[in-house]
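> sequence and predicted model, in that order:
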Number of protein chains: 2
Amino acid sequence: MALYHKVKRELIADIQSGKFLLDKPLPNESDLAARFGISIGTLRRAVDELVSEHVLLRQQGRGTFVGQLDQERFMYQFFKLESEDGIREFPHSELIDFDTARANSEESASLGLRGNPKVFRIKNLLLLQGKPVVFDRITLSCALFPSLNQEQFVQRSGTIYDLFQREFGVTVVGADERTRAILADEEAASVLQIPIGSPVLRVTRIARTFNQQPAELRISIINSQAHELVSNTNPKS
Amino acid sequence: MALYHKVKRELIADIQSGKFLLDKPLPNESDLAARFGISIGTLRRAVDELVSEHVLLRQQGRGTFVGQLDQERFMYQFFKLESEDGIREFPHSELIDFDTARANSEESASLGLRGNPKVFRIKNLLLLQGKPVVFDRITLSCALFPSLNQEQFVQRSGTIYDLFQREFGVTVVGADERTRAILADEEAASVLQIPIGSPVLRVTRIARTFNQQPAELRISIINSQAHELVSNTNPKS
DNA sequence: AAGTGGTCTAGACCACTTG
DNA sequence: AAGTGGTCTAGACCACTTT
């Protein structure tokens, strides 16, 4: 395996262990290279990849920082809803239900759990311009988020993933999503304030931390009447 | 602007002008660097980016090639339908209709055309395991694909984008997509052999060539009963 | 054996931010 | 002015494919 790849893994381990503080820059590139006993070019290559994955953030003249799961990144990477006229807006969040239960088989499989361990089941609503648009059912392993409770969830100041990172050291770096069109059932229709049987998007997301470890299962029911899921496969050019 | 960025643009110009043959390797990296009067590291950086955008393809020991829009890349970048059990399959294609018309305003806006110039309107069906799954309505500017005709479209040997590249020098490098859930109208229901009013995905894609130039407008109606749209935002790690 | 891309080095100098 | 990341160089050596 290439040297820069090993260095990259070591940097990830340092991030996970909390060795780098979230609001302070990492050591500068010369120091890091010296610490690893490699040339600066190789160090830069490892950091380059982590930056391209949004795990690190470089700012010329200031330093290199651990990537925060703040609003901006959430909108960029995980919340890709846009109104027809192309306007994107950070959603307002409303907790509907917070519960613990035993994982069913789908949840266990998605989260990579064995048996039927305890999980949190959270129902949450996202609103845009005051109107309900996304109904999320979130499943989290209690083992991964041991002290999580409803108050902490509701009182969080930033995004949900920011809470995961700051309070539990779980850094969500990406997700797999599967999308289909279905008809709204009674619960979804009621929450989204649309007629039963309306066409809605159903997005199943498995959010992952480093090494493809699953951290969250989220099933989103989206009213796409006034908003669309956007994606692009364009180079920056 | 950085030197490697200029070199990248020159390489793109060479690809567009047909200077590099599709099935032969580019000059090796030392030669290219010498030709541009730059160091090999800088040349590699320009090529690195084009490789990451799938415009070029490097093969150690063999050489660097222009990225072909073949089945493999089509499946990887543009056809992200997967059955529930995770199986992906290259679809069979069936032409439904091939026509020319004046662009409507949506088509003009999407394709960056002025006025209401002539366009091709193509209706096409994609089948998986013999069953209709995707109903595509494709709009192309006649100006960009001057000699295109129905026979050529039907007789093509590879993907549609491969035809664009080989016959018209139009290299599709990416696309913007917007997805929503709707109810199948009469035409879509008939083509997809599902009841009218079934929930389906509606994906509006604008495929682009270099410099974000739009090349194709495609509206896909997808029966997501047995297949899902997949996407992921994961690093390779 | 010859030719290709892949990795790594050890520097120089530039652009940007902060004190 | 000092410190950071950003670009570029000129080479060495390795891994892989082809002849």
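Cool, got the structure. Numbers count the residues shown, from 1 in each chain, chains lettered A, B, ... in the order given.

> per the record, what domains does chain A have?
The record assigns chain A these domain ranges, following automatic domain parsing: A:3-66, A:71-229.

> got TSV for the ones you listed, with distance to B:Val134 too?
Any C-beta I mention is one placed from the backbone N, CA and C, and that applies to glycine too. Formatted as TSV, those follow (distance: least, CB to CB, whole Å):
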stretch	distance to B:Val134
domain A:3-66	31
domain A:71-229	13
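
> tell me the most buried of those domains?
Compared across these, domain A:71-229 shows the largest average neighbour count, a mean of 17 (mean count of other CB atoms under 10 Å in any protein chain shown).

> quick revisit: so can I have CSV of the domains of chain A showing mean pLDDT?
Compiled in CSV, those are given as follows (pLDDT from 0 to 100):
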stretch, mean pLDDT
domain A:3-66, 97
domain A:71-229, 97
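
> residues touching A:Ser220, list them.
A:134-136, A:201-205 (CB atoms under 8 Å, 6 or more residues apart in numbering or on different chains).

> spell out which residues of chain A are next to DNA strand D.
A:25-26, A:28-31, A:41, A:44, A:58-64 (CB under 7 Å from any atom of the strand).

> any chance you could list what contacts stretch A:34-42?
Stretch A:34-42 is contacted from outside by A:3-4, A:7, A:10, A:27, A:29-30, A:33, A:43, using CB under 8 Å, 6+ apart.

> now stretch A:3-17
Applying CB under 8 Å, 6+ apart, the contact partners of stretch A:3-17 are A:20, A:36, A:38, A:42-43, A:45-47, A:49-50, A:55-56, A:66, A:169, A:171, A:210.

> one more time with 6 Å, if that's ok
Stretch A:3-17 has contacts (CB atoms under 6 Å, 6 or more residues apart in numbering or on different chains) with A:20, A:36, A:42, A:45-46, A:49, A:66, A:210.

> now do that stretch: distance to the chain's middle.
How far stretch A:3-17 lies from its chain's middle: 20 Å, per CA atoms, centre = their mean, to the nearest Å.

> ok, stretch A:154-161 next?
12 Å.

> is chain B contacted by it?
No: using CB under 6 Å from any CB of the partner chain, stretch A:154-161 stays clear of chain B, coming no nearer than 12.1 Å.

> so which helix or strand takes in A:Ser220?
Using DSSP states H and E, A:Ser220 sits in strand A:214-222.

> that strand: partners in the sheet, and parallel or antiparallel?
strand A:131-141 (antiparallel), strand A:199-208 (antiparallel) (DSSP bridges).

> max pairwise distance over the residues of chain A next to DNA strand D: which two?
Between all members of the residues of chain A next to DNA strand D, the longest pairwise span (CB to CB) is found for A:Gly41 and A:Arg62 and amounts to 21.2 Å.

> distance to B:Ala226 added to the strands paired with strand A:214-222, as CSV?
Listed next are those as CSV, based on distance: least, CB to CB, whole Å:
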stretch, distance to B:Ala226
strand A:131-141, 23
strand A:199-208, 14
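
> A:Glu84: which of the ones you listed is closest?
Comparing the strands paired with strand A:214-222 by CB to CB, strand A:131-141 comes nearest, at 12.9 Å.

> after the closest one, next one along is what?
helix A:150-155.

> residues contacting that following helix, please?
If you take CB under 6 Å, 6+ apart as the criterion, helix A:150-155 is touched by A:95, A:98.

> same check on stretch A:204-215?
Around stretch A:204-215, the neighbours that count as contacts under CB under 6 Å, 6+ apart are A:12, A:110-112, A:170-172, A:174-178, A:216-219, B:237.

> which ones among those map onto strands?
A:174-178, A:216-219 (DSSP state E).

> JSON lines for those residues, including distance to B:Leu95?
Listed next are those as JSON lines, based on distance: CB to CB, whole Å:
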{"residue": "A:Gly174", "distance to B:Leu95": "38"}
{"residue": "A:Ala175", "distance to B:Leu95": "36"}
{"residue": "A:Asp176", "distance to B:Leu95": "33"}
{"residue": "A:Glu177", "distance to B:Leu95": "31"}
{"residue": "A:Arg178", "distance to B:Leu95": "29"}
{"residue": "A:Glu216", "distance to B:Leu95": "43"}
{"residue": "A:Leu217", "distance to B:Leu95": "41"}
{"residue": "A:Arg218", "distance to B:Leu95": "39"}
{"residue": "A:Ile219", "distance to B:Leu95": "37"}
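
> picking up where we left off before, and which of the contacts of stretch A:34-42 is nearest DNA strand D?
A:Glu29 (3.9 Å; CB to the nearest atom of the strand).

> can you pull the contacts of the closest one?
Taking CB under 6 Å, 6+ apart as the criterion, A:Glu29 is in contact with A:40, A:43.

> angles on the backbone of it, please.
Main-chain dihedrals, A:Glu29, degrees, to the nearest 10: phi -70, psi -40.

> and A:Ala189, what element?
Applying DSSP H and E as the criterion places A:Ala189 in helix A:186-192.

> what lies in contact with that helix?
Residues outside helix A:186-192 that contact it (CB under 6 Å, 6+ apart): A:125, A:132, A:135, A:196, A:221, A:223.

> farthest pair within those?
Pairwise distances across these peak at 17.3 Å for A:Leu125 and A:Ile196 (criterion: CB to CB).

> DNA strand D: which of the contacts of helix A:186-192 is nearest?
Once CB to the nearest atom of the strand is applied, the member of the contacts of helix A:186-192 that ends up nearest DNA strand D is A:Leu125, at 38.7 Å.
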